[in-house]
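In: Generate coordinates for the sequence data below:
(chains A and B)
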2 protein chains.
Amino acid sequence: MTNKFKQRNSIEQVEEGIELAPKFDNKGLIPVVTTDYFSGELLMQGYMNDEALLLTIRKKEAHYFSRSRQVIWHKGATSGFVQSVKELLIDDDQDCLWIKVEVKGGASCHVGYKSCFYRKVTLGDDGEKENLTFTEKKKIFDPKKVYGDAPNPTKL
Amino acid sequence: MTNKFKQRNSIEQVEEGIELAPKFDNKGLIPVVTTDYFSGELLMQGYMNDEALLLTIRKKEAHYFSRSRQVIWHKGATSGFVQSVKELLIDDDQDCLWIKVEVKGGASCHVGYKSCFYRKVTLGDDGEKENLTFTEKKKIFDPKKVYGDAPNPTKL
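Out: Predicted structure coming up:
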């Protein structure tokens, strides 16, 4: 499906080997977990295609594939909050990536918070009540000022 | 698509509200990022369907949906390494979950390592060389002893 990386030939190669042979799904994407290099906090979860992964490895700045806009997305190109990649790891079956990044300025969420994960679910109940609690009290930036009239990437 | 959680009515409700209204993809799944509650380390990335999410919220133990076996998967049922859920967060557009778990015994990877992310990609090159480095030196358990003849979930 991609000729940018090694072919996947055996489970041993994929799980125990030292060749990067990532698996892209039927849309050509691989999920990416992005954490803060210093605090360890989860900042966001996104997707890369083969080209975005190659750009990320080469330039050491996070490039994603935007599913809503269907383009390669150099994170921070609009907001200025570029993610400098300090480490990139891959999981056992090589179908998920983990990048540890430094974000100068400090925000990774288009809503304005530091992390996209700014709400906690109450555990133990039936999940049907109003059961989210905000874990971040204050936005780092005003998305209207930063993104202007650009369409909101959130889809219903 | 699911009647187990609130309906998604507006971007404001989804991004700024306190109702849990998760978005499941066209296969009925939502990605889940699982980190160690104490060390913050990324352990694995999996998927839940609506029923697995509800079970996780109610029982405070991680339940996933296995894409290879197409069943609800109570993590640790075979290996004993149950993931006790300490916190569950959801992202801005509510299409990704983050669980912080305590794993008694300590392993979350079917290959035998503590984390599924036991290899690091060398940055700055072209991604085509033998460029993975192991970050965990030693397996926590022997998968053959734990899983026996069960089929390996890794797909090529």
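
In: what's around A:L123, how many residues?
Out: The tally of other residues near A:L123 (other CB atoms under 10 Å in any protein chain shown) stands at 17. C-betas here are computed from N, CA, C, even on glycine.

In: who are the neighbours in contact with A:Q45?
Out: Counting by CB atoms under 8 Å, 6 or more residues apart in numbering or on different chains, A:Q45 makes contact with A:31-34, A:116, B:31, B:33, B:45, B:91, B:96.

In: What segments of chain A are strands?
Out: Counting by DSSP state E, one finds strands in chain A at the ranges A:30-36, A:42-48, A:63-66, A:71-74, A:83-90, A:97-103, A:119-121, A:132-134.

In: Could you dump those strands into JSON lines and include mean pLDDT?
Out: Compiled in JSON lines, the strands of chain A are given as follows (pLDDT from 0 to 100):
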{"stretch": "strand A:30-36", "mean pLDDT": "96"}
{"stretch": "strand A:42-48", "mean pLDDT": "95"}
{"stretch": "strand A:63-66", "mean pLDDT": "96"}
{"stretch": "strand A:71-74", "mean pLDDT": "96"}
{"stretch": "strand A:83-90", "mean pLDDT": "96"}
{"stretch": "strand A:97-103", "mean pLDDT": "96"}
{"stretch": "strand A:119-121", "mean pLDDT": "94"}
{"stretch": "strand A:132-134", "mean pLDDT": "93"}
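
In: where along chain A do the helices fall?
Out: Defined through DSSP state H, the helices belonging to chain A, from first to last, are A:11-16, A:50-59, A:143-147.

In: between those, which one is nearest to B:I18?
Out: Counting by CB to CB, B:I18 lies closest to helix A:143-147 out of these; the figure is 19.2 Å.

In: The closest one: which residues count as buried?
Out: A:143, A:147 (16 or more other CB atoms under 10 Å in any protein chain shown).

In: What of stretch A:18-30?
Out: A:19-24, A:29-30.

In: Kindly report the same for stretch A:102-111.
Out: Of the residues in stretch A:102-111, those buried by neighbour count under the rule 16+ other CB under 10 Å are A:103, A:107-111.

In: among those residues, which are within reach of chain B?
Out: Restricting those to those within reach of chain B (CB under 8 Å from any CB of the partner chain) leaves A:109-111.

In: Name the member of those residues with the shortest distance to chain B.
Out: The closest of those to chain B turns out to be A:V111 (CB to the nearest CB; 4.7 Å).

In: May I have the phi/psi pair for the closest one?
Out: In this entry, A:V111 is assigned phi and psi values of phi -80, psi -10 (degrees, to the nearest 10).

In: Let me know which of the helices of chain A is the nearest to A:S68.
Out: Of all the helices of chain A, it is helix A:143-147 that lies closest to A:S68, at 13.1 Å by CB to CB.

In: Report whether the closest one contacts chain B.
Out: No - in this structure, helix A:143-147 remains apart from chain B according to CB under 8 Å from any CB; the gap is never smaller than 9.7 Å.

In: Pull the residues that contact that helix.
Out: If you take CB under 8 Å, 6+ apart as the criterion, helix A:143-147 is touched by A:78-79, A:110-112.

In: Quick one: mean pLDDT over that helix.
Out: Here helix A:143-147 scores 86 as its mean pLDDT.

In: how about stretch A:118-138: buried residues?
Out: Of the residues in stretch A:118-138, those scored as buried under the neighbour-count criterion (16+ other CB under 10 Å) are A:118-121, A:123, A:127, A:131-132.

In: Close to chain B as well: tell me which of those qualify.
Out: The subset of these within reach of chain B, counting by CB under 8 Å from any CB, consists of A:118-121, A:123, A:127, A:131-132.

In: returning to what we had before: mind checking which of the strands of chain A is nearest B:D50?
Out: With CB to CB as the criterion, B:D50 lies closest to strand A:119-121 of the strands of chain A, at 13.7 Å.

In: And for A:I140, the neighbour number?
Out: A:I140 is flanked by 16 other residues according to other CB under 10 Å.

In: Skip the chain neighbours and tell me the closest residue to it.
Out: The shortest distance from A:I140 to any residue that is not its chain neighbour, by CB to CB, 6 or more residues apart in numbering or on different chains, is 4.0 Å, and that residue is A:A107.

In: if I look at that neighbour, how far off is A:L89?
Out: 23 Å (CB to CB, to the nearest Å).

In: next one: A:S68
Out: A:S68 is 26 Å from A:L89, where distance means CB to CB.

In: For A:L29, which non-adjacent residue is spatially closest?
Out: The shortest distance from A:L29 to any non-neighbouring residue, by CB to CB, 6+ apart, is to A:Y47 (4.3 Å).

In: should've said A:V71
Out: With sequence-adjacent residues excluded and distances taken as CB to CB, 6+ apart, A:V71 is closest to A:F65, at 7.5 Å.
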